[in-house]
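1. need a 3D model of the following:
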Amino acid sequence: MSANDRLRTLILHAMLPVMSYSATIFSIAVLWSSMVSDGLERAALTSPQAAAEQITQCGTGAVDIRYDDLLQSYVLSVRDATEAQLRCIETAAGYHDVELQPELQKAFDEIRAAKYSAVYQDHAVDWLSSRDLLDNVPKFRAGVTDEVAFSREMEMFCGPAAKGALQSEYGPRTISPEWLRKIPLPPRAEDDEAISCLMATASVAGFELGFIGNEAFAE
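-> Prediction:
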């Protein structure tokens, strides 16, 4: 299995709570599954043990590693960190979730969210441009555009494989769990394209999307 395939499989088992910064990371990773450079692949696939060792080099205390069944990923619990070390910790952790003392967690999450939001926006533009889609992205105006109608327009824009992706009880800003459940593992090329197109289009249009739970995927 190639690094891209491993990353793609990891992504599709990483369904996270809606509208969290982790959902943004999920979005980035999906988009990167067909674009990511070798260096970023290695960063994404850094083992939790290696990431923990890198974090301690930031000057923190010990780092405990645990597996979170809900997130289906490893969590690095960092002891005795300081605010001055947060950016170093964020870089050292790669894509692994990081748990800090409560007074530092919010600041860390904000650093991570800002970083990934900026990177994701750049990749969204690149992804759409490479397919000559950027100039045709549907226009969305918050408070003016009907969200349900816009979600249907996005589905049509992203092709037949995207049909139904934004139609569920959770509303037009959430990728339908039922639609995701139908995607085989490993995903087909058209599934990759549909998810990437939806996330990239939403990012460029300023229409925030999220995901619900990790129950949609069975082993």
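2. which parts of the longest helix seen in the chain are buried?
-> The helix that spans the most residues within the chain, counting by DSSP state H, is helix 102-130. The neighbour-count check on helix 102-130 (16 or more other C-beta atoms under 10 Å) flags 104, 108-109, 111-112, 115-117, 119-120, 123-124, 127-128 as buried. The C-beta positions use only the backbone N, C-alpha and C, and glycine is treated the same way.
3. could I get these in JSON lines, plus columns for distance to E178 and pLDDT?
-> Shown next, in JSON lines, are the buried residues of helix 102-130 (distance: C-beta to C-beta, whole Å; pLDDT from 0 to 100):
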{"residue": "L104", "distance to E178": "38", "pLDDT": "96"}
{"residue": "F108", "distance to E178": "34", "pLDDT": "95"}
{"residue": "D109", "distance to E178": "30", "pLDDT": "90"}
{"residue": "I111", "distance to E178": "35", "pLDDT": "91"}
{"residue": "R112", "distance to E178": "30", "pLDDT": "88"}
{"residue": "K115", "distance to E178": "32", "pLDDT": "83"}
{"residue": "Y116", "distance to E178": "27", "pLDDT": "78"}
{"residue": "S117", "distance to E178": "28", "pLDDT": "77"}
{"residue": "V119", "distance to E178": "30", "pLDDT": "78"}
{"residue": "Y120", "distance to E178": "25", "pLDDT": "80"}
{"residue": "H123", "distance to E178": "27", "pLDDT": "87"}
{"residue": "A124", "distance to E178": "25", "pLDDT": "90"}
{"residue": "W127", "distance to E178": "25", "pLDDT": "93"}
{"residue": "L128", "distance to E178": "26", "pLDDT": "95"}
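4. how about those in TSV, adding distance to L86?
-> Compiled in TSV, these are given as follows (distance: C-beta to C-beta, whole Å):
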residue	distance to L86
L104	7
F108	5
D109	10
I111	6
R112	9
K115	11
Y116	15
S117	17
V119	18
Y120	20
H123	24
A124	26
W127	30
L128	32
